[in-house]
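In: Build the 3D model from these lines:
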Amino acid sequence: MANPSLQIGNSNWAIKESNLLGYSTAGTRFVPQPITMTRASAGTRVNSSGLVETVELLGSELVVNGNFENNVIGWNKFKSNATESWDAGGYLDFTKTGVSGRLGSDVLLETNKTYKISVNVISLGGILDLYVGLSDFESPFAGVISTPLVVGTNTFYLTYAGLASSKGVYLQSAGSNYFGLTASIDSISVKEVTKNNLARVDYDGTASSLLVEPQRTNTVTYSNVFSNVSATLTPNYGISPDGTQNSARVQASGSNSGVRINTINSSNNAFAYSVYVKGVSGETVNVRVETSPYSLLIQYNFTLNGEWQRIENVLTASTTHTQKNFYVTKLGGSTATDFQLYGSQVEEGSYPTSYIPTSGSTVTRVQETYSKTGISNLINSTEGVLFAEIVALTDNDATSRSICLSDGTSGNRILFRYEGNNLIRGFVISGGTINANFAFTYNNINNLKFAIKWKVNDFAYWVNGTKVLADASGSVPTGLNRLALDNGSGTQDFFGKVKQLQVFKTALTDSELIALTTQ
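Out: The predicted structure is shown next:
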């Protein structure tokens, strides 16, 4: 079989800002073919360790001696009311002995750049604030970030607004009455971070794929803060799906005891609810959604398996229902009295998407787009094959979702398209005329290998090892020079998971196409 002229994925992934690595081969050499990627917001994925994380690229460490391995270098005591000691093992003991004990280090922040701040707290007695922002010598002192720390990993993001020429990161005891505060800090880190326009390679435990999703907004303003319903809540209790100690423990005390997740959503469109839950295997929690004015939209018991699971529902309510409350409680015969929660989300749409963290306001993840233009040397308009292994996010979405080779217009195209209700199509269009139109209903689109072959008077459509349709009459497109996850003219964007995508410059034989598309 000939080598593909262009490949994406197949377990070979690399990303940088605004690009996903595609590649071609020349003998034994890999030739990079960057695919243009845009998404003007952050996005999460499941990484190869099974953890939910925001995809980000980090710069160099800006804190000097942030792991405290080199004694006191880079750190200064301010106000003369703080005492500190460095353990030989590499952590900081911080003790407040006066009213305004403060310990800090200079950090150069640049205006309009975004930074990731992480503080790993070993132990804490009292209230200790982290400040990131203005210098200690600014008057008055005001931190851009000013927040209490908790035991475990504390992570914050800051887009610096340029409030001062001097910047710093500081630990400060909170208030004038908290004498005797003690803390042990393992590390403090400040790094410039890029989160926008980064491709997301998602893992399902066995395989990796490019995750491509539509724009969605999490309308829960505090996605990891839960409202008590006659239960005992312990924040930052356990290790959550993101790998840090920030899950909420729920100890139910009786019937209808648990948590409520609030959101404002006045649309009468479908909306999806989701939250991560972990509890004793075999026990159950009760899940229900109520609206105001009152209407019970759904209620059932969800069985726990001892690991983190994601509860997901898709519902529709009237526009008169301005408040929709999502409950996870002990009710209706459910048995769990002690469980953990993380990462709630309510989004308008017909299926749930990846987690969008929020911390005080709604957050929108913008849809992502992928395209590669100016590649007429990688596409043979006369003959070839477009192949992809893909997974649909849902089979209930009636919108068209396309992958296409084109000349940048709708006139010359090789096109694959999901159309909902398990209908998949393939088109070969030349000079605005459809020369091959393959429509096929497939009952399992959750793992699909398809290939479209084109050659003058020789067109075929293959799905999971079978030639499902063929056409022995027609001309081929001209001027093909663009690959995109859309319909060739910038609409009908593809949303799903792409495990691999390949373009061949020759029309493969039937035996080669069987081998290529067989699961």
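In: going forward, measure contacts between C-alpha atoms and count neighbours the same way
Out: Noted.
In: Distance check, Phe504 against Glu389.
Out: 15 Å (CA to CA, to the nearest Å).
In: And Ile261, by the same measure?
Out: 37 Å.
In: Domain-wise, how is the chain divided?
Out: What automatic domain parsing lists as the domains of the chain is 6-41+368-517, 61-194, 216-364.
In: any chance of the ones you listed in TSV, with distance to Val201 and mean pLDDT too?
Out: Listed next are the domains of the chain as TSV, based on distance: least, CA to CA, whole Å; pLDDT from 0 to 100:
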stretch	distance to Val201	mean pLDDT
domain 6-41+368-517	7	93
domain 61-194	16	73
domain 216-364	12	91
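In: Give me the phi and psi angles of Trp41.
Out: For residue 41 the amino acid is Ser, not Trp. Backbone geometry at Ser41, expressed as degrees, to the nearest 10, gives phi -170, psi 170.
In: hey, what's Asp338 bridged with?
Out: Per DSSP bridges, the residues bridged to Asp338 are Gln251.
In: That one reaches Lys278, doesn't it?
Out: No: applying CA atoms under 8 Å as the test, Asp338 and Lys278 come out as separate, 9.3 Å apart.
In: Identify whichever of the domains of the chain lies nearest to Thr206.
Out: Of all the domains of the chain, the one in closest proximity to Thr206, counting by CA to CA, is domain 6-41+368-517 (10.7 Å).
In: first vs last residue of the closest one, how far apart are they?
Out: Counting by CA to CA: the opening and closing residues of domain 6-41+368-517 are 17 Å apart.
In: about what we covered before: output the domains of the chain in a markdown table; the columns should cover distance to Thr206 and mean neighbour count.
Out: Formatted as a markdown table, these follow (distance: least, CA to CA, whole Å; neighbours: other CA atoms under 10 Å):
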| stretch | distance to Thr206 | mean neighbour count |
| --- | --- | --- |
| domain 6-41+368-517 | 11 | 20 |
| domain 61-194 | 28 | 18 |
| domain 216-364 | 17 | 19 |
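In: next helix or strand past the helix or strand containing Arg260?
Out: Assigned by DSSP states H and E, Arg260 falls within strand 257-264. Per DSSP H and E, the first helix or strand lying C-terminal to strand 257-264 is strand 270-279.
In: Tell me what angle that following strand forms with strand 257-264.
Out: Comparing the axes of strand 270-279 and strand 257-264 via axes from the mean of the first three to the mean of the last three CA atoms, to 10 degrees yields an angle of 150 degrees.
In: Show me how far strand 270-279 is from its chain's centre.
Out: 15 Å (CA atoms, centre = their mean, to the nearest Å).
In: In the stretch 1-150 of the chain, what residue spans correspond to strands?
Out: 6-9, 15-16, 19-26, 29-38, 44-46, 52-54, 57-61, 76-78, 82-87, 91-96, 102-106, 114-125, 128-134, 143-148 (DSSP state E, counting those that start in this stretch).
In: Out of the ones you listed, the one nearest Asn380 is which?
Out: strand 6-9 (11.4 Å).
In: What helices and strands are in contact with that closest one?
Out: strand 19-26, strand 496-504 (3 or more CA pairs under 8 Å, 6 or more residues apart in numbering; DSSP states H and E).
In: would you list those in CSV and tack on distance to Ser334?
Out: Output for the helices and strands packed on strand 6-9, formatted as CSV (distance: least, CA to CA, whole Å):
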stretch, distance to Ser334
strand 19-26, 46
strand 496-504, 35
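In: Of all those, which one comes closest to Met1?
Out: strand 496-504 (9.9 Å).
In: Quickly run through the sheet partners of the closest one, with directions.
Out: As defined by DSSP bridges, the strand partners of strand 496-504 come to strand 6-9 (antiparallel), strand 208-212 (antiparallel), strand 384-392 (antiparallel).
In: With distance to Gly496 as extra columns, can I get the ones you listed in TSV?
Out: As requested, those are exported to TSV (distance: least, CA to CA, whole Å):
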stretch	distance to Gly496
strand 6-9	14
strand 208-212	5
strand 384-392	5
